[in-house]
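1. based on what follows, work out the 3D shape:
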Amino acid sequence: QVQLVESGGGLVQPGGSLRLSCAASGFTLDYYAVGWFRQAPGKEREGVACHSSADESTYYGDSVKDRFTISRDKTNHTVALEMNNLKPEDTAVYYCNALLSSGSPLFGSWGRGTRVTVSS
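-> Residues are numbered from 1 along each chain as shown. Have a look, this model is predicted:
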């Protein structure tokens, strides 16, 4: 059974940084595009960034462009999200998922996510 595991969240002050990690048990992320998503309180889940396994291309949402970096570690079969210059509006639970070619999440069952709180 596939299980997505997100880690690395925490409480950080505005302007700070965090590095999130996405791993999967029972599945290899290496051969799929992987996306990071987030869900803020009272809001729908939104896509944040994605990384293509085919050509290493990346995509970022407008609100995180130039602050977040998505990268893949094929040695450890993980996908990281480096978040810099964090803002209070980045506060959310962050999730990862493999992606279909359409960009839709591959797995209907999401991991528990990792909570990021940006506050002074």
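2. and residue 7, what does it touch?
-> By Cβ atoms under 8 Å, 6 or more residues apart in numbering, the contact list for residue 7 reads 20, 21, 23, 114. Every residue, glycine included, has its C-beta placed from N, CA and C.
3. check the most centrally placed residue in the chain and give its pLDDT.
-> Among the residues of the chain, the one closest to the centroid is residue 36, at 2.6 Å (Cα atoms, centre = their mean). Looking at residue 36, its pLDDT reads 98.
4. who are the packing partners of the helix or strand hosting it?
-> Element membership for residue 36, per DSSP states H and E: strand 33-39. With contacts taken as 3 or more Cβ pairs under 8 Å, 6 or more residues apart in numbering; DSSP states H and E, strand 33-39 sits against strand 18-25, strand 46-51, strand 68-73, strand 78-83, strand 92-99.
5. note down every partner strand of it and its orientation.
-> The pairing partners recorded for strand 33-39 under DSSP bridges are strand 46-51 (antiparallel), strand 92-99 (antiparallel).
6. next secondary structure element downstream of the shortest one?
-> For strand 46-51, the succeeding helix or strand toward the C-terminus, using DSSP H and E, is strand 58-60.
7. for that next one, what is the average pLDDT?
-> 97.
8. which residues touch it?
-> 48, 49, 50, 51, 52, 66, 68, 69, 70.
9. understood, closing this out.
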